[in-house]
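Novice: One predicted model, sequence on top.
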Amino acid sequence: MNYPDTALVADTQLPALQVVIPLLSAPLCALARNRRAAYAITLLASWSALVIAVLLLLRVHAHGTISYALGGWAPPWGIEYRIDYLNAFVLVLLSSIGAIVAAYAPASVDSEIPRDRQPLFYCAYMLCLTGVLGIAATGDAFNVFVFLEVAALSSYILISLGKSRKALNAAYQYLVMGTIGSTFILIGIGFLYMMTGTLNMVDLAERLAPVRTTRPVLTAFAFFTVGVSIKMALFPLHLWLPNAYTRAPSVVTAFIASTGTKVAVYIMIRFIFTVYGVQFAFASTPVAAALISLSLLGIFFASTAAIFQRNVKRMLAYSSIAQIGYMVLGISFVSVNGLTGGIVHLFNHALMKGALFLAVGCVMLRMKRTKLEEFRGLGYRMPVTMFAFTIAGLSMIGVPMTVGFVSKWYLILAALEKGWWPVAALILLSSLLAVVYIWRVIEVAYFQKPPEDAPPVTEAPLSMLIPLCVLTAATIYFGIFTGATAGIAHRAAEMLMAGGVH
Amino acid sequence: MSAQTAMVIAPLVPLAGALAVSLLGRWPNVREAISLITGAALFFVVVTLVPVIGAGVRPAARIVEIFPGVPFAFDLEPLGMLFALVASGLWIVTTLYSIGYMRGHHEENQTRFYACFAVAIAAAISAAFSGNLLTLFISYEVLTLSTYPLVTHHGTEEAKRAGRVYLGILFSTSICFLLFAILWTWHLTGTLDFRPGGILAGKADPTTLGVLLALFAFGTGKAALMPFHRWLPAAMVAPTPVSALLHAVAVVKTGVFTVMKIVIYIFGIDLLSASAMNEWLIYAACFTILVASFVAMTKDNLKARLAYSTISQLSYIVLGAALATKSSIIGGSMHIAMHAVGKITLFFCAGAIFVASHKKNISEMRGIGRAMPFTMSAFLLASLSVIGLPPMGGMWSKWFLGLGAVEAKEWIPLAVLMISSLLNIAYLVPVGVQAFFRPPDGSAPDTGLHEAPILCVVPLCITALGCIALFFYAGQIHDFLAPLAMP
Amino acid sequence: MSHLFSHYNYWIVIVLMMTGFYTVISRGNMVKKLIGLNIFQTSVFLLFITMGKIKGGTAPIVMAGKEDVVYSNPIPHVLILTAIVVGVSTTALGLALVVRIKEAYGTVEEDEVQAEDIRR
C-alpha cells in the first residue's frame, strides 16, 4: 500500500512517554495510600510530561512531523502517534496547565477533599491528564475515542469530589451528556471505518477521497460534529458545563476548564482539517454556516448569562461557553488567519481562564464560598489574588498587551478578509459584555466594604499564589511576545489549510 | 544619549517612578520627592529631543514585534514632540500642586494616586511617540485603565458610578470603533505605520474613507466628540489634580492628538480634503463646540463648567483636523498646547478654591477674589487665554484655526469660532469678575487673605504666566509644527 | 422489500439506539436513565460487530493449507472489546454516583433532586 509518509520516523520514545508516564503514575498514586506520596508522584509526573512536551515541540520545530509506531507495529495497522506543529503546541499547553495546576493543588485540595480520598483524587487527576495528552498525541481515530473516555470518566470522578452534594448531580448529568457525546463520536468513527477500512488519520484522509460524498461519510460527519460539540460545550449543547464547573473542586475546575474543552476543539480541528479535508467539510456541507451562527449565538447568550450570575465560578463557567464560541468561529472562517485565531485562542483562553479559576480557588480557600458577596473588599484583603484576577479579567476583555487581544486581533482580521463586517462587529461588541461581567467582580472587590462581622481574611498561601502569578504573567508575556504562540499557531494553520498532511 | 535611546527611555522613566513610588509609599516625603524627581527627569529627557526634532531628524525605534509587520514602535515627529513636551512639562507643575492639594485635603490612598498618575503619564508619552496605530491604541487603552483608579479615587458610590461611565464610554468606543477602524485600515493597506502623506491614498474609495473617518473620530472617545462626551463631566468626581492634568491635558489631549495624528499620517491632509468626506466631521465638531458651550453656561459647579468648556475646546482641535488645511492643522496642533496650559490653570484654581474654602459652586464665589487674589488673578488670565484674547497664547491657535477655515472656504466654522469665543466670555469671565467686583455674602465674615497652601498657589501662578509666555513663543511653535502641513 | 430486510442488522441497531436514547431523555429515574444509556451504547457495539461480518466468512484463524478461505474482519470486534470496557466502566461509575446521590438526597428521581437543590 502506499502510505503517504513524509514524516520523520521517530528515533525517540518521547511520544509514548508523553502518555505513559502520567498513565503509570495514576495507579502509583492510588497504591501510595498516602496523600503526600501521591502528591509527590503527581508533581513529578506532570512536570516530566511538560518537559517531554517541550522537547517534542522543539523536535518538531527542528525536524518536522514525528511519527511514532506504538509497540513497533507500523502504521496504518498499528497505532501511530503523530506529532506535528498543531498537536505539539496543544501538548505543551495541556501539560503546562497540568503541571501548574498540580503545583497549585495541595493547599486547595487539603481544604476541599477529605484526606483519605486524596490519593485517589491524584490518581483521577493523572488519569485525566493522561486522557487529554493521549487525545492530542495520537494519530489513530479509535484511540482518540479511548483517550476521550479516559479523560471523561476521570473528570466525572473529579467533579463528583466537589464539597457540596450538588457536585454529585452535576457529575451525573455530565456523565450522561458526555457519554452520549462520545458515543456519537464512536458512531462517526464506525461509519468512517466502514467506508475505508482504516483508523489511522492520515490513511483515512487518503482513502476518504474517493468516497467523500457518500451518505455514510456524510452521516459520520454529522454524528461526529454533534458529538464533539457536546464535548466542547458548544451552544446549545453546553447544558452540562455550568453546573460541572461550579460544583467541582477549585483545582478540578481550573484544570478541566483549561484542558477538557480545549482538547475537544483540537479534535474538531484535527478531524475537519486533517481527516475530512477543508474542501469536503466546508464546501460540500453547510456546517460552516451552522458553526458560525451557533458560535455567535453562543458568545452572546453565554456572555449575557454570565452577567446575571451571582456565583463567580458559575459566571466564569458561562464565560467559558462564550469563549468556546470564539474558537469555533475561528475554525469556521476556513482561512489561515481565522484558524490561527482559533488555535491561538485555544492556548490563550486556557491561560487566562486557568488564571481566573486559580484566583477563584484562592478565594474559595479563604472564604469557603465563591458568591459575589464574598468578594466584598477582597481587593484590599487578598491583594495579590485580586490583582491576578483583574489582569486575567482584562485579558478576557481583550485589552491590548494581554493574550485576549491577540486572539481577537486574528479573529477580526479573518472576518474582515472574508468581508464579513457584521461578524467582525459582533466579535468586538461581545468584548463589551465581557467588560460588564468582569467589572462586576472588580467593583465588588475594590469598592464594597466587607460586612462588619466578617472574620479577618489573609492572603492565600504562597504555594497557591506562585502558580497563579505564573499563569497571570504568562497572559501578559504571550500578549506582548506573540512569536511563540501566534507564530506556531500560524504555522499549524498554514499546514492545516494546505491539507493537514505532512 | 542618542535621540533614539532618549525616546525609548522617556516612557520608562515614569514607569520606573511608579514602581519606586509604590515600593516606597510608606514614607510620604520620599514618595513625593521621587515623583518630583521623576517628573524632572522625564522633562529633561523630553527636552533633549526637541532640538533633534527641530532639526528635522525623525528618530524611530522598534521595541517588539507584536504581530508580523505590526511592531510596538516609536517614531517621533513634531506633533508628538509638542504633546510630549506639554504633558511632561505640566506633570512637574501638577505634581507640585498635587502635593499641596492632597496634603491640604488629607486624601487617602495617596501612594496609589501617585503611582497611577505616573503610569498614566508614561502612557501619554508613549502615545505621543507612537510610530503606528497599534502602539497608539495600546497606549490609549493603558491610559484609560491607569486613570480609572484615579477617577474612582474616593471609592464612594458616586465615584463608582462615574467610573462606570468613564470606563463604559471609553472602552466601548475604543473597542467597537477605534479597534475596528485600525483593523480595517490594516486590511486595506497592509500597514499601520504613520507616514507623512498618509497610507490610505489609493487604497480606499471615498465612501470607505468617510466611514473610516467616522469610526476613528467617534472611536477616539477621549476626544469627547458629542455624543460620546459624557465621561468627561463624570470624571470630575476625581481629585482636582487628576481633573487638571488628565482631563485637561493628558487624557483628553491624547484623544485629540489621536484624531490629529490619524488625519495627518493615516489619511493625509490632501486625500481628506480632496475626498470631501471631512465635511460631516467639520459640522460634528462645530455642533460640539456650540452645544458644549451652551451647556457650560448652565453649570453652577465650577468643575462641571470647566469640563464642558473642555469638551467645547477639544472640538476646536478636531475641527482643525477636519478642515484639513495647512493653517487649520497647525492651529489645531498649537491649540493642544495653548488650551492645555490655560485649562490646567483654571482647574488648579478650582482646586485651590476648594481646598481653601470648600466651595464648589460659582454662585458661592462672590467676592472671593479679595481672600484669594493670586488664585483669582490667575483664573482671569487663563480665562482670557481660553477665550482667545491677546496677549494670551490661546489667541494664536484660534487665529490659525480661523485662517484654516478661510483657506478651506468654510464660512460656517469661521462663524462658529466667533460665536464660541463670545460664549466663552459669557461663561468664564463672570466667574472672575464676580470674585473681584461683587461683595461677598453678608453672612460670611471678611477673613482677610485666605489663600490655598503655597504648593497649590505657586503652580497655578506658573501656568498662568505660561499663558502669557506662549503668546510670545507662538512663532517658534508655529515653525516647529510647520513640517506637519508639508507632506 | 428484500432491500429493506437484507440489512436487517441496521434496523436492529436503529431500534435499539432510539430505545436507549428515548429512555435517557424521557426518564426521570437516574437508574433507568443509565440503563437507557447502556442500551444506546450497546446498539453502537452491535453496529461495529455486524459490520465486521462478511458473507460466508469464518472466524479469522489462519488455517494452514487452505488458501481460499474468507475471513470475517476481526478489527471491529477488537475495537468493540475496548468499547465494552469503556461502557462497563461508565455504567459502574454512573451507578456509583447514583448510590451517592441516593445517600445525599434520599432519592434517585431527577426532578426531586433538582427541587432539593433549588430549595437549598
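Specialist: Sure, I can see it.
Novice: who's in contact with residue 484?
Specialist: No chain specified, so I'll use chain A. By C-beta atoms under 8 Å, 6 or more residues apart in numbering or on different chains, the contact list for A:A484 reads A:F478. For every residue, glycine as well, the C-beta is placed using N, CA and C.
Novice: Not quite, go with chain B.
Specialist: By C-beta under 8 Å, 6+ apart, the neighbours of B:L484 are B:E77, B:P78, B:L79, B:I264, B:I329, B:I330, B:S333.
Novice: My guess is the second one contacts B:D479. True?
Specialist: No: between B:P78 and B:D479 there is no contact, the gap being 9.7 Å when judged by C-beta atoms under 8 Å.
Novice: ok, back up a step: in the contacts of B:L484, which residue is surrounded by the most others?
Specialist: B:S333 (30 neighbours; other C-beta atoms under 10 Å in any protein chain shown).
Novice: Could you tell me how far B:P71 is located from chain C?
Specialist: 51 Å (C-beta to the nearest C-beta, to the nearest Å).
Novice: what sits opposite that residue in the beta ladder?
Specialist: Bridge pairing for B:P71 (DSSP bridges) gives the partners B:E65.
Novice: Please give me every residue in contact with it.
Specialist: Taking C-beta under 8 Å, 6+ apart, we find B:P71 in contact with B:R62, B:I63, B:V64, B:E65, B:G131, B:N132, B:L134, B:T135.
Novice: Next: B:F287.
Specialist: B:M226.
Novice: Let me know the outermost residue of chain C.
Specialist: The outermost residue of chain C relative to its centre, with distances by C-alpha atoms, centre = their mean, is C:G65 at 38.9 Å.
Novice: picking up where we left off before, report the buried members of the contacts of B:P71.
Specialist: B:E65, B:G131, B:N132, B:L134, B:T135 (16 or more other C-beta atoms under 10 Å in any protein chain shown).
Novice: quick check, nearest of the residues you listed to B:A3?
Specialist: For these, the closest approach to B:A3 (C-beta to C-beta) belongs to B:G131, at 13.7 Å.
Novice: Tell me how many other residues crowd the single nearest residue of chain C relative to chain A.
Specialist: Nearest residue of chain C to chain A: C:A104, at 3.8 Å (C-beta to the nearest C-beta). C:A104 sits with 16 neighbouring residues when counted by other C-beta under 10 Å.
Novice: again with B:G56
Specialist: 8.
Novice: so what's the closest residue to it other than its chain neighbours up against?
Specialist: Closest residue to B:G56 apart from its sequence neighbours, by C-beta to C-beta, 6 or more residues apart in numbering or on different chains: B:P483 at 7.2 Å. Applying C-beta under 8 Å, 6+ apart, one finds that B:P483 lies in contact with B:G56, B:E77, B:P78.
Novice: Quick one: classify the residue nearest to the second one when sequence neighbours are not counted as helix, strand or coil.
Specialist: Setting aside the residues directly before and after it, B:E77 is nearest to B:R58 in space (C-beta to C-beta, 6+ apart), at 5.9 Å. Secondary structure of B:R58, reduced to three states by DSSP: H, G, I helix; E, B strand; the rest coil: coil.
Novice: give me phi/psi at B:R58?
Specialist: With angles defined as degrees, to the nearest 10, B:R58 sits at phi -120, psi 80.
Novice: Please name the residues that touch it.
Specialist: Taking C-beta under 8 Å, 6+ apart, we find B:R58 in contact with B:D75, B:L76, B:E77.
Novice: Listing request: residues of chain A with sub-threshold pLDDT.
Specialist: A:1-11, A:499-502 (pLDDT under 70).
Novice: rerun at 80
Specialist: Scanning chain A for pLDDT under 80 picks out A:1-12, A:76, A:212-213, A:278-285, A:451-455, A:499-502.
Novice: Near chain C, which residues of it? Just list them.
Specialist: Contact residues (C-beta under 8 Å from any C-beta of the partner chain) of chain A with chain C: A:142, A:145-146, A:149, A:153, A:156-157, A:160, A:165-166, A:168-169, A:171-172, A:175-176, A:179-180, A:183, A:186-187, A:190, A:193-194, A:197, A:199.
Novice: Flag the helix or strand of chain B with the lowest per-element mean pLDDT.
Specialist: Least confident helix or strand, chain B: helix B:368-371 with a mean of 78, by mean pLDDT, DSSP states H and E.
Novice: tell me which residues of the helix or strand following that helix are tucked away?
Specialist: Where DSSP states H and E defines the elements, the next helix or strand beyond helix B:368-371 is helix B:373-387. In terms of neighbour count (16+ other C-beta under 10 Å), helix B:373-387 has its buried residues at B:374-387.
Novice: One more: stretch B:19-32?
Specialist: Quick answer for stretch B:19-32 (16+ other C-beta under 10 Å): B:A20, B:V21, B:S22, B:G25, B:R31, B:E32.
Novice: Relative to the whole chain's centre, how far out is it?
Specialist: 27 Å (C-alpha atoms, centre = their mean, to the nearest Å).
Novice: quick one: terminal-to-terminal distance for it?
Specialist: From its first residue to its last, stretch B:19-32 covers 13 Å (C-alpha to C-alpha, to the nearest Å).
Novice: Can you give the contact residues for that stretch?
Specialist: Residues from elsewhere that reach stretch B:19-32 (C-beta under 8 Å, 6+ apart): B:I34, B:S35, B:T38, B:T95, B:I99, B:Q110, B:T111, B:R112, B:Y114, B:A115, B:A118.
Novice: Point me to the helix or strand that includes the closest residue to chain C within the stretch 251-400 of chain B.
Specialist: Closest approach between the stretch 251-400 of chain B and chain C, counting by C-beta to the nearest C-beta: B:V251, at 47.7 Å. Using DSSP H and E, the element containing B:V251 is helix B:251-262.
Novice: Remind me what that helix packs against, helices and strands.
Specialist: With contacts defined as 3 or more C-beta pairs under 8 Å, 6 or more residues apart in numbering or on different chains; DSSP states H and E, helix B:251-262 has these neighbours: helix B:78-104, helix B:110-129, helix B:133-151, helix B:206-219, helix B:302-323, helix B:326-357.
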